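Q: Next come a sequence and a model predicted from it.
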Amino acid sequence: QVQLYESGGGLVQAGDSLRLSCAASGRTFSNYVMGWFRQAPGKERDIVAVISYNGGNTYYADSVKGRFTISRDNAKNTVYLQMNSLKPEDTAVYYCAADRNTDNYLQRDRRFYDYWGQGTQVTVSS
């Protein structure tokens, strides 16, 4: 069982930066692929970024590539999402999720994630 707690959301202006954190409970955090997803009002929950067990491999959605960076600190059971050059279209609730797949595959499909946080709101004004 893993419990996830996101933090770091807020209201910012276009061009600003935010850093989201997701703290995980449990002793096997390093065995999970971790992902960040986001959901805007009236839209589906979409992948933002994924990171492998030890952080050596990452995936980014095209819409955030070059602006967002996912990272993790397994000693602290925490995954981060550094968001730079924020745009109004980045406004959404951001969720972190844990996938216990044994292949260290960078899963992009939300249906395969096993644990989810409660989400943190990010609002970017123009």
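A: Yes, it's here.

Q: burial of residue 101, as a residue count?
A: 15 (other C-beta atoms under 10 Å). Every residue, glycine included, has its C-beta placed from N, CA and C.

Q: is it true that it touches residue 33?
A: Yes: between residue 101 and residue 33 there is a contact under C-beta atoms under 8 Å: 6.0 Å.

Q: list the residues that contact both of these two?
A: Contact criterion C-beta atoms under 8 Å, 6 or more residues apart in numbering; residues shared by residue 101 and residue 33: residue 107.

Q: Verify the contact between residue 86 and residue 18 for me.
A: Yes: if you go by C-beta under 8 Å, residue 86 and residue 18 touch, sitting 6.6 Å apart.

Q: can you give me the helices in this structure?
A: Using DSSP state H, the chain contains no helices.

Q: Return the distance of the residue nearest the centre of the chain relative to residue 79.
A: Centroid-nearest residue in the chain, with C-alpha atoms, centre = their mean: residue 36, separated by 2.1 Å. Computed as C-beta to C-beta, to the nearest Å, the residue 36 to residue 79 distance reads 8 Å.

Q: Which neighbours do those two have in common?
A: 22, 70, 96.

Q: any idea of the pLDDT on the second one?
A: Meaning residue 70. On pLDDT, residue 70 comes in at 98.

Q: What is the burial count for the nearest residue to it once chain neighbours are set aside?
A: Using C-beta to C-beta, 6 or more residues apart in numbering and skipping residues adjacent in sequence, the residue nearest residue 70 is residue 49, 3.9 Å away. Using other C-beta under 10 Å, residue 49 has 26 other residues around it.
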